[in-house]
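Chemist: give me the fold of what follows.
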Amino acid sequence: MAQKVRKAVFPAAGLGTRFLPATKAQPKEMLPLVDKPIIQYGVEEALASGADNIILVTGRGKNAIEDHFDVSVELETFLEARGKTELLNEIRKISNLINVSYVRQGEPLGLGHAVLVTRTLVGPEPFAVILGDDVIDANPPALRQMIDVFEELDGPVLAIEEVPKQDVSAYGIIDAEEVRPGVYRIRDLVEKPTRDEAPSNLAIIGRYVLTPDIFPALEETAKDRTGEIQLTNGLRRLLRERPIYGCRIDGVRHDTGNKLGFLRAVVYFALRRPDLAGPFRDYLRGIDLGQATGARR
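Modeler: Take a look at the predicted model:
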């Protein structure tokens, strides 16, 4: 019987250069989707999936993330004194329900390296890796769907999604056989192949359920031409020793790591809010597209 997945790793040491100048002095993980930072969506997903031990891999300039998940006595006292009970409960909820640990990734040496630096904190048990850029609206949560597959098959599970053929070079791509609807046994993994080299259009997206034998596999994985250790290459090495599975997620994924994806996510989650959906939808319908694009009449 598979061990329970109790820990979730969040790599958050990147520089966020695609969002400069907004990320010059604040982490991209703290950019808000409506009124909640990107990373909190992933943490809440982990919590709802049963993984309440959160391990954040941070770097220089990421203190705001640590502060966000810490207790803020001054703010809580202020809200309590003003009778703002709903807001008080909201900010207390996340810090009260999770245990947070932090580890520094001294240099941005790739996702594989970010996972590797968590080895001591993870210990000898299975764990999840959640990439905060991928915000997934799903019921049950995306990670819970994967943990269910892990508990059934007792092997590492990667979240996958079909992507357009022209986009395969932006992802790790799997070659796999479908063992039942939505679940695949992986034969091979290729990191960012060209369109002609891609074995399929099944892309690995930002969720992993991993076993502790990934750590020695990553230690033995050579750096790529950019000097980084790629998690996909470590998984490819691990695949020689044990089966690895893919789980096609039933949900809506937003890639908030690029500007267009971020804007789409803001609109999507605003329209999911009962307090905002009506007036916001009216606003969107009433936008003068000519003025918005600077077009001449």
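Chemist: which SS class is the closest residue to L238 other than its chain neighbours?
Modeler: Of all residues not flanking L238 in the chain, A217 sits nearest, at 4.2 Å (Cβ to Cβ, 6 or more residues apart in numbering). For glycine as for every other residue, the C-beta is placed from the backbone atoms N, C-alpha and C. Classification of A217 by DSSP: H, G, I helix; E, B strand; the rest coil places it in helix.
Chemist: how close does A217 sit to Y208?
Modeler: 13 Å (Cβ to Cβ, to the nearest Å).
Chemist: I'd guessed the residue nearest to L238 sits against L235; true?
Modeler: Yes. Here A217 reaches L235: they are 7.4 Å apart, a contact under Cβ atoms under 8 Å.
Chemist: pLDDT below threshold where in the stretch 51-200 of the chain?
Modeler: 97 (pLDDT under 70).
Chemist: what are the ranges of the helices in the chain?
Modeler: For the chain, the helices defined by DSSP state H occupy 38-48, 63-68, 73-81, 85-97, 111-116, 119-122, 142-153, 214-219, 231-238, 259-271, 277-286, 289-293.
Chemist: want to throw these into CSV with distance to Y171 and mean neighbour count?
Modeler: As requested, the helices of the chain are arranged in CSV below (distance: least, Cβ to Cβ, whole Å; neighbours: other Cβ atoms under 10 Å):
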stretch, distance to Y171, mean neighbour count
helix 38-48, 18, 21
helix 63-68, 26, 15
helix 73-81, 40, 12
helix 85-97, 30, 13
helix 111-116, 12, 24
helix 119-122, 25, 16
helix 142-153, 16, 21
helix 214-219, 19, 20
helix 231-238, 9, 23
helix 259-271, 14, 16
helix 277-286, 30, 11
helix 289-293, 31, 8
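Chemist: wait, which of those helices is closest to I136?
Modeler: Nearest of the helices of the chain to I136, taken as Cβ to Cβ: helix 142-153 at 4.2 Å.
Chemist: ok and the closest one relative to helix 38-48, angle-wise?
Modeler: 40 degrees (axes from the mean of the first three to the mean of the last three Cα atoms, to 10 degrees).
Chemist: so which elements touch helix 142-153?
Modeler: With contacts defined as 3 or more Cβ pairs under 8 Å, 6 or more residues apart in numbering; DSSP states H and E, the packing partners of helix 142-153 are helix 38-48, strand 127-130, strand 157-162, strand 202-210, strand 245-248.
Chemist: can you pull the contacts of N89?
Modeler: Going by Cβ atoms under 8 Å, 6 or more residues apart in numbering, N89 touches no other residue.
Chemist: mind checking how far it is from G106?
Modeler: For N89, the distance to G106 - Cβ to Cβ - is 38 Å.
Chemist: phi, psi for the residue most central in space within the chain please.
Modeler: Taking Cα atoms, centre = their mean as the criterion, L131 is the residue nearest the geometric centre of the chain, at 2.4 Å. Main-chain torsions, L131, degrees, to the nearest 10: phi -90, psi 110.
Chemist: ok, it touching P11?
Modeler: Yes. In this structure, L131 is within contact of P11 by Cβ under 8 Å, at 6.6 Å.
Chemist: overlap in contacts of those two?
Modeler: In contact with both L131 and P11: L111, using Cβ under 8 Å, 6+ apart.
Chemist: from what I can see L33 touches L263, true?
Modeler: No. L33 is beyond contact range of L263, at 10.1 Å (criterion: Cβ under 8 Å).
Chemist: out of the helices and strands packed on helix 142-153, nearest to F269?
Modeler: Per Cβ to Cβ, nearest to F269 of these: helix 38-48, 8.4 Å.
Chemist: next, the angle from that closest one to strand 202-210.
Modeler: Using the same axes, to 10 degrees: helix 38-48 against strand 202-210 is 60 degrees.
Chemist: for helix 38-48, give the mean pLDDT please.
Modeler: Mean per-residue pLDDT for helix 38-48: 94.
Chemist: got a list of contacts for it?
Modeler: 8, 10, 12, 28-33, 52, 54, 65, 68-69, 94, 97-98, 128, 130-136, 140-144, 256.
Chemist: so for I249, which of the helices of the chain sits nearest?
Modeler: It is, among those and with distance given as Cβ to Cβ, helix 142-153, at 4.8 Å.
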